[in-house]
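>>> Make a model of this:
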Amino acid sequence: MKPFAGVYTPIVTPFRADDAVDEAGLRANVRRWMGTALTGIVVLGSNGEAAQLDDDEADRVVAVARAEVPEGRPFIVGTGRESTRATIAATKRAAREGADAVLVRTPGFFKTQMTGDVFTRHYTDVAEASPVPVLLYNVTMFTGVNLPVDVAVALAQHPNIVGMKESGSDLAQIADYVSRTPDDFTVLAGSATTYFHALCAGCDGGILALAALFPEECARLQALVGADRLEEARALQRRLLPVARSIGTAHGVPALKAALDLLGFTGGLPRPPLRPAPSQIVDLLRTQLGALDALPLVH
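Predicted structure coming up:
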């Protein structure tokens, strides 16, 4: 099996009303996810509001979550920063806290300067310094830059770069990542709205916000595609699509947190400047979750 293949969720970082991390809620969430079919979790990804956390907060979130993840369940930490130096420092801290691998987003602030050569040097330097395996992370919707296929293919030759997450929905690019990288290089889908199609294109699983709400269904979808039961998989994708859209590009992290609250997790508040999902979005999520028979029974 490829390293880190499977289904993960990029967990949220719940905040209290005083804007501090809700550590008790975080612990409870991780314990609950560890009772599901998820392969493992990703801490401090985009849905974890990693860009909003100070380094000391980020390190504490990693430590709290790590304590609730059993050995043998992959524990991946997002360590991407704008500078190579800061990325390496965050990567080493995550490794000390028990990360099994790190997920490193493309830097993007200086967009016009982010050439293929710059990405190659950045990721090579991080991989050389990292005590744990590195996963590339292409998330153009947030960074505004795209990791060229040729660059990913070259980086995949590095012994400490073992895979990548592609959060876009460009299936041609996804297929190129899959077909042109080595057989032991793991490509994970990051968009739940095109998850079925990405699996059909050869992805080895996914890192999906949707899997925080529907871990069993996301794992089942992968299994169905793997068993060539494509009509069943396509039907399941269609059922999940409305809520996948709501917590994805439509309404983002505030909607994901609201949905988690509705399902009995601790979604908590987003960190400003993000604002909580408005009541009409919460009502929409309640309807969508209800249509999937996902809401807890009220006694």
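
>>> Please confirm that Ala17 is located within a strand.
No - counting by DSSP: H, G, I helix; E, B strand; the rest coil, Ala17 is not found in a strand; it is coil.

>>> Bridging across strands, which residues link to the residue nearest to it when sequence neighbours are not counted?
Spatial nearest neighbour of Ala17, excluding adjacent residues (Cβ to Cβ, 6 or more residues apart in numbering): Leu269 at 6.7 Å. In this view, the C-beta of every residue, glycine as well, is placed from N, C-alpha and C. Taking DSSP bridges as the rule, Leu269 bridges to Phe15.

>>> Leu269: neighbouring residues, count only.
As a burial measure, Leu269 scores 18 neighbours (other Cβ atoms under 10 Å).

>>> Hmm, it is touching Arg16, no?
Yes - Leu269 is in contact with Arg16 according to Cβ atoms under 8 Å; the separation is 7.2 Å.

>>> pLDDT averaged over the lengthiest helix in the chain, what's the number?
Identified as the longest helix of the chain according to DSSP state H is helix 230-245. The average pLDDT for helix 230-245 rounds to 98.

>>> now that helix, how far from the chain's geometric center?
19 Å (Cα atoms, centre = their mean, to the nearest Å).

>>> packing partners for it?
helix 195-200, helix 210-213, helix 215-226, helix 279-291 (3 or more Cβ pairs under 8 Å, 6 or more residues apart in numbering; DSSP states H and E).

>>> Now do that helix against helix 215-226: the angle between them, please.
Here helix 230-245 runs at an angle of 140 degrees relative to helix 215-226 (axes from the mean of the first three to the mean of the last three Cα atoms, to 10 degrees).

>>> Quick check: what element follows helix 230-245 along the chain?
Once the chain leaves helix 230-245, the next helix or strand it forms, by DSSP states H and E, is helix 252-262.

>>> so what secondary structure elements neighbour that following helix?
Helix 252-262 packs on helix 210-213, helix 279-291, going by 3+ Cβ pairs under 8 Å, 6+ apart.

>>> And the contacts of that helix?
12, 14, 29, 46-47, 49, 209, 212-213, 243, 246-247, 266-270, 274-277, 281-282, 285-286, 289, 295 (Cβ atoms under 8 Å, 6 or more residues apart in numbering).

>>> Which among those count as buried?
Using 16 or more other Cβ atoms under 10 Å as the burial test, those include 12, 14, 29, 46-47, 49, 209, 212-213, 243, 246-247, 266-270, 276-277, 281-282, 285, 289 as buried.

>>> before we move on, back to that, export the helices and strands packed on helix 252-262 to CSV and append columns for mean pLDDT.
Below are the helices and strands packed on helix 252-262 laid out as CSV (pLDDT from 0 to 100):
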stretch, mean pLDDT
helix 210-213, 98
helix 279-291, 98
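
>>> how about these, which one is nearest Ser167?
helix 210-213 (12.6 Å; Cβ to Cβ).

>>> Using CSV, write out every CA atom in the closest one.
Taking Å, rounded to 0.1, in the frame of the first residue of the first chain, the C-alpha atoms of helix 210-213 are listed here in CSV:
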residue,chain,number,x,y,z
LEU,A,210,-16.6,16.3,4.2
ALA,A,211,-14.9,13.4,6.0
ALA,A,212,-15.2,15.3,9.3
LEU,A,213,-19.0,14.9,8.9
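
>>> and the gap between Met34 and Glu216?
13 Å (Cβ to Cβ, to the nearest Å).

>>> likewise Asp183?
Where Glu216 is concerned, Asp183 sits at a distance of 29 Å (Cβ to Cβ).

>>> now Pro276
Noted for Pro276: a distance of 27 Å to Glu216, by Cβ to Cβ.

>>> picking that back up, any chance of the helices and strands packed on helix 252-262 in CSV, with distance to Asp125 too?
Converted to CSV, the helices and strands packed on helix 252-262 look like this (distance: least, Cβ to Cβ, whole Å):
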stretch, distance to Asp125
helix 210-213, 31
helix 279-291, 41
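
>>> just how off-centre is the helix or strand of the chain with the lowest mean pLDDT within its chain?
Within the chain, confidence by mean pLDDT, DSSP states H and E is lowest for helix 140-143 among all helices and strands, at a mean of 95. On the basis of Cα atoms, centre = their mean, helix 140-143 sits 13 Å off its chain's mean C-alpha point.

>>> Just after it, pick out the following helix or strand.
Later in the chain than helix 140-143, the nearest helix or strand by DSSP H and E is helix 149-155.

>>> So which bits of that following helix are buried?
So helix 149-155, judged by 16+ other Cβ under 10 Å, has buried residues 149, 151-155.

>>> where does Thr39 sit relative to Val153, distance-wise?
Applying Cβ to Cβ to Thr39 and Val153 gives a distance of 25 Å.
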